[in-house]
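>>> Okay, structure incoming, though there's no sequence with it:
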């Protein structure tokens, strides 16, 4: 399993991964993503910024994650200082056939490596309140629950926020 920066040629496989993940999330009552988000434009932007990472399993994209310093303004509702630089993990997804193999954790570790390389000591992540699998993953990875917020671009949904301090 190779964790690497995504390229534009990965987009069809990434979209296929999302097309596999969204129905699984929906079946669990998690409507965080749908057929409109995340989309090719979002991933193309992540790639242009060198912020989209994939887990490559012998040429097949098994997982994806944006690793950025962009923070949503609503993060302030979680009592986070959004002016403090933090590495933030967005759009973390593992295709159902690769779940349970520790791949999501490897992408979280890659995010920590990005933070280390940039001298950043704070990690942040959020997930839909019904996404218990992600919540458990974050806690196992050493993240601490810090609060609940809404996001303007996903009206009507609530999200749990998690933070990890690196030393």
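Thanks, I have it. This is a predicted model, so every value here is computed, not measured. Numbers count the residues shown, from 1 in each chain.

>>> Could you pull out the strands in this protein for me?
2-5, 52-57, 60-68, 87-94, 122-128, 144-150, 158-165 (DSSP state E).

>>> and residue 57, how many residues sit next to it?
When neighbours are counted by other C-beta atoms under 10 Å, residue 57 registers 16. (C-beta placed from N, C-alpha, C; glycine too.)

>>> I'd like the distance between residue 51 and residue 160.
22 Å (C-beta to C-beta, to the nearest Å).

>>> Tell me where this protein has helices.
For the chain, the helices defined by DSSP state H cover 11-27, 40-48, 103-118, 132-140.

>>> Out of these, which gets nearest to residue 66?
Closest to residue 66 of those, according to C-beta to C-beta: helix 40-48, at 4.7 Å.

>>> Select, out of the helices of the chain, the one closest to residue 5.
The nearest among those, by C-beta to C-beta, is helix 40-48 at 7.9 Å.

>>> residues making contact with the closest one?
By C-beta atoms under 8 Å, 6 or more residues apart in numbering, the list of residues contacting helix 40-48 from outside reads 5-8, 10-11, 14-15, 52, 64, 66, 68, 91.
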